[in-house]
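Engineer: this one's structure only:
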């Protein structure tokens, strides 16, 4: 199996990002050899998995479970480690001899395959919004989506590296809590047409049996001019920023800048005085603004470019300047690698779209940010990808996991956040402002921040 040199360079950069140092990876006699620049010794991976270099659904790829040897430790306190493979594992999995080690599992290939989402390329098994869902993924089918699989294997590799080269000190990674909010609907009633207002109030009354919506709806709509009304159920922005500041976290608010009010699109414009005021407030309080590319543009780079220019223009008019700009696709619509190409081409610094909509977990097998790779052109991108671990709706919504018990939902988020912390990665949480209008939602939100 001949592996393209650019793919090997991507692996070298991954190890440099994770461990520090300069690494060289070469392909020799159907094996990969990992060497440390300027040092004797090496790590040989002699069981390369062809499926890890191929795009599309890995039909022949099963999953073995490695019972971790006593020589090595799991970073997340697990005794077994999932090992996607088309053949049984060769045991013992890791053999040491003087200043060399042989690993009978393709750790580097696994990282390339999982992080760059090769199984999604060309997939036609999509949902009604053209999304590749967790239910179609190898990770969900073999029940390891809740494991940061790549990070766990790289942790094992780090221990092997420290055994082969005991004289070096590897980089220590620090946990980061990455909190973001997609501003799909900044106001429940403020920007509604008269017909839309009546429809929304009726729906809220029938669902919640709260007669106050009859009075609050018209009040909010009439008084949402220069700023969002404090009684607007979706206006949780000041409260959210206060909670972030209490927890020592910087929030990122992603805005839709498309001007169309069609189905699945925003019901607001950036030019509205109330939205301008919100943008200024977010910036003045030390939080970040980001782009939320609209529903239709995940395959249209020119539309993303147009929307990004509009967002930066409005921000500039409000004296809002940022060194970096990130974003996340609306509805998490994504086509691998076409959407990455579009986002990379407009000059975004990072993206945080790669989480599954129907289930929380590790879509890319990692909780670390990384430079993604285009497996079709064999080129690395410029922007960074910070995988999304949890979207509140994935866990709470009846459309997806449907966990309505707050204690159970908290336990799941605590497990995922704890794994990210133990690995020194980033826990990326998306929570919409429109999902904080009940006390139970706010209580759960605060508990997750405090974990």
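Structural biologist: Structure's in. What do you need? Just so it is clear, the model here is predicted, and its values are computed rather than measured.
Engineer: Poorly predicted segments of this structure, please.
Structural biologist: Residues of the chain that meet the criterion pLDDT under 70 lie in 208-211, 261-262.
Engineer: Walk me through the domains of it.
Structural biologist: Structural domains assigned to the chain are 5-164, 176-186+234-450, following automatic domain parsing.
Engineer: Could you work out the end-to-end span of the longest one for me?
Structural biologist: Between the opening and closing residues of domain 176-186+234-450 we find a distance of 13 Å, counting by C-alpha to C-alpha, to the nearest Å.
Engineer: Check the first one too.
Structural biologist: Across its full length, domain 5-164 reaches 25 Å end to end, with C-alpha to C-alpha as the criterion.
Engineer: Show me the longest strand that occurs in this protein.
Structural biologist: When the chain is scanned for its longest strand (criterion: DSSP state E), the result is strand 176-183.
Engineer: who does residue 103 bridge with?
Structural biologist: Residue 103 has the following beta-bridge partners by DSSP bridges: residue 45, residue 94.
Engineer: what comes up buried for stretch 196-214?
Structural biologist: Of the residues in stretch 196-214, those buried by neighbour count under the rule 16 or more other C-beta atoms under 10 Å are 197, 200-201, 204, 213. C-betas here are computed from N, CA, C, even on glycine.
Engineer: how about a markdown table for those, with distance to residue 260 and secondary structure added?
Structural biologist: Compiled in a markdown table, the buried residues of stretch 196-214 are given as follows (distance: C-beta to C-beta, whole Å; DSSP: H, G, I helix; E, B strand; the rest coil):
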| residue | distance to residue 260 | secondary structure |
| --- | --- | --- |
| 197 | 20 | helix |
| 200 | 20 | helix |
| 201 | 24 | helix |
| 204 | 25 | helix |
| 213 | 28 | helix |
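Engineer: Contacts for the longest strand of the chain next, please.
Structural biologist: Contact with strand 176-183 is made by 240, 244, 247, 249-256, 266, 290, 292, 328, 330, 352, 386, 417, 425-433, 449, as judged by C-beta atoms under 8 Å, 6 or more residues apart in numbering.
Engineer: Of those residues, grab the buried ones for ChimeraX.
Structural biologist: A single ChimeraX command is used to select the members of the contacts of strand 176-183 judged buried by 16+ other C-beta under 10 Å:
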select :240,244,249,251,252,253,254,255,256,266,290,292,328,330,352,386,417,425,426,427,428,429,430,431,432,433,449
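Engineer: Give me whichever of the domains of the chain is most buried.
Structural biologist: Using mean count of other C-beta atoms under 10 Å, the stretch among these with the largest mean neighbour count is domain 176-186+234-450, at a mean of 19.
Engineer: Now do the contacts for residue 86.
Structural biologist: The neighbourhood of residue 86, defined by C-beta under 8 Å, 6+ apart, consists of 49-51, 58, 60-62.
Engineer: Of those residues, which belong to strands?
Structural biologist: The strands in this structure, assigned by DSSP E, contain residue 62 from the contacts of residue 86.
Engineer: In JSON lines: the contacts of residue 86, plus distance to residue 20.
Structural biologist: Written out in JSON lines, the entries for these read as follows (distance: C-beta to C-beta, whole Å):
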{"residue": "49", "distance to residue 20": "27"}
{"residue": "50", "distance to residue 20": "31"}
{"residue": "51", "distance to residue 20": "30"}
{"residue": "58", "distance to residue 20": "32"}
{"residue": "60", "distance to residue 20": "36"}
{"residue": "61", "distance to residue 20": "32"}
{"residue": "62", "distance to residue 20": "34"}
